[in-house]
Structure formats: C-alpha cells, structure tokens
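Engineer: quick one: sequence plus predicted model below, questions after.
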Amino acid sequence: MVASLLTIDWFPLWLSLEVAASATLISLALGVCLAWLLANRNFTGKEVLDALTTLPLALPPTVLGYYLLVSIGRNSWIGKAWEALTGTTLVFTWRAAVIASALHAIPLVVKSSRAALETVDHACERAGRSLGASEWRIFWKISLPLARRPIAAATALAFARSLGDFGATLMVAGDIPGRTQTAAIAIYDAVESGNTLVARTLVIVISILTAAIVFLANRLEQRRSL
Amino acid sequence: MIRAAIAKQFPAGEESAGFQLEVQFEAGPGVTVLYGPSGSGKTLTLDAIAGFVIPDAGRIMLGERILFDAGADVQIPPQKRTCGYVFQNYALFPHMTVRENLAFAANELPRLERHRRIAELLERFKLTDLAARWPRELSGGQKQRASIARALIAEPGALLLDEPGRGLDASLRNDLYTLINEMKASLKIPMLLVTHDPEECFALADKVLIYSGGKIIHRGTPLELLRNPGSEAAARLLGDFNLYEAEVLALDPARQTSRVRLLGQELTGPHLRGCFKGDRVTLCARPEELRIAPNPGQNRIRVDTVRVLERSQAVRADFGDQLIVDVPRDVWRERPENLWVELPAVSLRQLRAPDAGALH
C-alpha cells in the first residue's frame, strides 16, 4: 500500500495548489477593489456591475468556461494580445486554469468584502477624513483593517473554491496530464479509468485540505465581533 | 470665524417626512452651542461644515477660506477643511492604540514635530499613561479626551463637537466642562458644540443658536436668552420658563405698562409692543423671578396645592398652572400657611407666537 502510494503522481495536487493560490491572489485583489467600488461609490451601471460580479456564482461552470474560451481563445483580442506579448497561448495552459478559478472565486470575495466594508463604522472613516487622510490612506489604514476578518474568511473560502474548480477549468485549460490536469480533473480521470487508489487518495487529501480551510474561515468569521 | 449660510432639502421618503435645513450664522472664537431637540438639523449643520454633507445652496467660510460655495461651485473636500470633529461615539480607531490614533492625525507633520506634538497632547489631556491602551480599554471620559486630543493634533481652524456630554455621568460632565472651558481660553478658534441638554448649553456657551425644525429660531448669549427667550418655542426648548396665555385688557404706553388677564385674574403687565386691546399674547416668567407672599396684593395669585423639588440653590415649588417658583430655602422654611404667588410686572415678558417667524 505504502509502496503504491509512492508511485502516485502528485503533480495534479501541486498544480491545483499553485493554481488555487494564484487564483486567490487575483480574486482577492480584484474582488476587494470591486467591493470597495460597490460599497463606497455611486455610479451609473453599478447594478449591472453588481449583477455581473455575482453571475459566475450562478452560471453553469461549462457556460462560464465557454465564455472564457471565446474571450481568451487564440482568435479573441485578449488571446491575440497575449500571444503577441509572450509568444505563448493562454488557453490550454495552467494560466487559463488560474483565470477560470479566479473568475469563479471572485463573487465570494466581492460579496463578503462588500458587506464587510459597508459595516465598517462610517464615523471612523469620516474621522479619518476630518483628520486630513486621503481616501487611499483611509482605505488601507482604516477600512481594510477593520474589515480584515470577514475578508480573510472570504479569501479562505475563495481558495477552497479555486482548489475544487472543475467544469470551467476543463473547458479552457483542458485535461493534459503533467500540464493542465488539476486534482479535481485527475480524480475524474482516475474514476473513469478505474484507478481507485489514485482517486481515493486525491479525494481524501482534497477533503482534508478543504475541511481545514472551511474550519479556518469559520473561525475568522466568528471572531469578527472582536 | 465661521460664517455659514446653508440650505439643504431632504424630500419626503416612504417612511420619512421631508426635512429642510435653512440656517445662517456666524461663530467667532469661543463656544457656539447649537441647541435644540433631536432632528432639528444641528448635527447636519456640523456635517455640512466638516464637508460630509453637501448643502444644496449657500456658502461656508472658515476665516478667509471658502469651504463651500454653491454659486461658485466650490467644494473643498473634508480632508482640506481643517475642521477637527469630535464624534458622538468618539470614533476612535479600534485597531489602533491611543498613541497610534493621535499619530494617524499627525501624519502630515515632520517627524520630530510629530513626536513632540503627540507627547504634548497626551500630556495635556492626561493620556500619557494610557497611550499604549486600546480604545476598548478606555472609560467614556478617557475616550472623550483621546478623541478631542486627536482632533486637535493637526491644529484645526475650527473644532466641531457632536453631543460631547452624552452618556457621561455628572462628575465626568463637570470634567468635560472644565476641559472645554480651558480649551476656550487657550485655543482661540471657533468651537461649535451640538447639544440638547440645557445644562450643557448654559455651562459652555458664549453664544447659543436655538434650532427647531431645521431653522434657527433664536440666538444670543446665554444671559440674553434667559432674560428674553424671544419666542414661545425657544422658551419651551430652553425649559425653566413659566408660560402664560394672557388677554390684553388695557395698554398704557405712557407708563410703559399694560393690564392683562392671566390665570383668570387681572394683573399689571409690562409694555406690550405691537398689541391691541383684546389681543391674546404669550408671556413668560422665570421661576426665580416670582415670589411667594403671605397676603393678597398687586399681581398676587392665591395658591395652595404644591409639589416641592429640592434644588441646589433653592426650593422649587410647583403650584400647578405654570406657577413654578424658586424660593430661597430659609424663606421656604418660614413660609406662612396661606400663600400667594406674586408675578412682578417686569418679570412678565412678551413672547412671539410660534408662527411669527425667525429673528435674525
């Protein structure tokens, strides 16, 4: 058993962790910016933006994947620009998996961060303004620190969400063993091909990881009031 | 000097009545109290001066600087208005210690100056020993001092205080009054203080603006207001006035007196401006200006039932019918069995009716 464990290809798991980490960073940065906009500014199209940021949560993963394929494929302007800049393609690489996972995780970050930023004591932000602090400094020194716990909890969930992305990743990154095959896809492959050992091992590892993250997120959430 | 003339309209919503703020005032160095009931536009005025609320029309000046001018489309952001603001809930940053709270405000100062300034204010507001504490570890009075110290770090051109005495017990209030009176002596900047507490108003004010329904219905020094509250609404808000509905029976301009029917009796009243025989007027008198007497006589009303309230300076005797009299304690102790209350003609002051408009 131990010997056969050693023969398992751990690449999909490492790839998943790397993709999820990158995707989480992107969704955190983008998500908090969007959340700040939605929480603090009134502009035309705000409701549309609000709906758009929620859409990835509601759309079937394959639909989302299809849109992505169209928008970052080799014939799209993003795909062409990327190819002109780097000489490589976006689709069917791990980068596409990062984009797909990030897109899937953004709604989680935006929803929680917006709620957190909206519940920050506005008197504190006003106090900052009356003391001469720029909006930028107020965001970094007051709003964000006061909202850090729920945002951190949302980030943990976003990581878990990215770790388990399947449909959209499969659509845009494909299932190339050793290149774009993430853990979630590897599990599907292993089950399909009757490789029970690989399937079970990956399932257990992913379950433990995800459970730990959810536990962490809950802890962060509960201490919000402190 | 703050000079403000502002108007702001809030249309009626589904669950809220509309509200209109329309005020105009000047506030020099010292404490100008914005006094009035909740929802009369006092805090809104502070917020407009601080730049948190943008008026629909008008102009706000701090010294020679224009902070806001609707006509010229000038709108200085709150950051550049140099208005220190002491919030009702103190608004100390909960994730920073007292020292860090002050340091946040001192960010623009050069490094050495910053440390000197923070140390100076910590010392002045008796916060030196508390500098490393978190806001949640401070008492109400300490939070109050930290919040004022923070607002003063950047040497503001004006200080805005929103209900600073709220939630403090009697001894902490006295400390607050002492502190604000000290600041008044040392700062020489306009301080606008919002309150609905008459005691706080009279303890601190150099000048009072009485707010009601989004307008300033009366203004003056505390003494002027006590001598003549101007309107019935202002007298009610200031409290401590006996208010009487009276009918004008006769006018004697030569002697500067009148005859009025008040509480069913004919009394001698003061000269009543702009009145005719038969008019109804509202008169007021302060409890300490009325006297108790052992026998009937001019302007005396027979009284019997009484409710007594011990006050620090005197006994407050409430005979009902708006006959509230402050009587020196020894006089009250020696009082005869049969009592009359005398309303001296000079103590009866004419008030404007509620709809007579604001006095500027």
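Structural biologist: Right, received. Where do you want to start? Numbering: from 1, shown residues only, chains lettered A, B, ... in the order given.
Engineer: how about the residues of the stretch 151-300 of chain B by chain A?
Structural biologist: Proximity of the stretch 151-300 of chain B to chain A (CB under 8 Å from any CB of the partner chain) is limited to residues B:151, B:153, B:154. Yep, even glycine has a C-beta here, placed from its N, CA and C like the rest.
Engineer: which secondary element of chain A has the worst mean pLDDT?
Structural biologist: None of the helices or strands of chain A scores lower by mean pLDDT, DSSP states H and E than helix A:2-6, at a mean of 65.
Engineer: please name every helix or strand in contact with the next helix or strand after that helix.
Structural biologist: Reading on from helix A:2-6 to the C-terminus, the next helix or strand found by DSSP states H and E is helix A:11-40. Counting contacts by 3 or more CB pairs under 8 Å, 6 or more residues apart in numbering or on different chains; DSSP states H and E, helix A:11-40 is packed against helix A:46-58, helix A:94-119, helix A:148-163, helix A:183-192, helix A:196-222.
Engineer: at 6 Å instead, please
Structural biologist: Judged by 3 or more CB pairs under 6 Å, 6 or more residues apart in numbering or on different chains; DSSP states H and E, helix A:11-40 is in contact with helix A:94-119, helix A:148-163, helix A:183-192.
Engineer: export these as CSV, with columns for distance to residue A:43, mean neighbour count and mean pLDDT.
Structural biologist: Output for these, formatted as CSV (distance: least, CB to CB, whole Å; neighbours: other CB atoms under 10 Å in any protein chain shown; pLDDT from 0 to 100):
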stretch, distance to residue A:43, mean neighbour count, mean pLDDT
helix A:94-119, 15, 24, 93
helix A:148-163, 22, 23, 92
helix A:183-192, 37, 19, 92
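Engineer: which of these sits closest to residue B:308?
Structural biologist: Closest to residue B:308 of the helices and strands packed on helix A:11-40 is helix A:94-119 (CB to CB; 50.6 Å).
Engineer: how far off centre is that closest one?
Structural biologist: Relative to the chain's own centre, helix A:94-119 is displaced by 5 Å; criterion: CA atoms, centre = their mean, to the nearest Å.
Engineer: what about the next helix or strand after that helix, near chain B?
Structural biologist: Per DSSP H and E, the first helix or strand lying C-terminal to helix A:94-119 is helix A:122-130. Yes: under the criterion of CB under 6 Å from any CB of the partner chain, chain B is reached by helix A:122-130 at A:123, A:124, A:126, A:127, A:129, A:130.
Engineer: just the C-alphas of the lengthiest strand in chain B, formatted as PDB.
Structural biologist: Taking DSSP state E as the criterion, chain B has its longest strand at strand B:242-252. The C-alpha trace of strand B:242-252 is given here as PDB (Å, rounded to 0.1, in the frame of the first residue of the first chain):
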ATOM      1  CA  ASN B 242     -43.400  79.600  33.200                       C
ATOM      2  CA  LEU B 243     -45.500  80.300  30.100                       C
ATOM      3  CA  TYR B 244     -48.900  82.100  30.200                       C
ATOM      4  CA  GLU B 245     -51.600  82.700  27.800                       C
ATOM      5  CA  ALA B 246     -52.900  86.200  28.500                       C
ATOM      6  CA  GLU B 247     -55.500  88.600  27.200                       C
ATOM      7  CA  VAL B 248     -54.700  92.200  26.700                       C
ATOM      8  CA  LEU B 249     -57.200  94.300  28.700                       C
ATOM      9  CA  ALA B 250     -55.600  97.700  28.500                       C
ATOM     10  CA  LEU B 251     -52.500  99.400  27.300                       C
ATOM     11  CA  ASP B 252     -50.700 102.400  29.000                       C
END
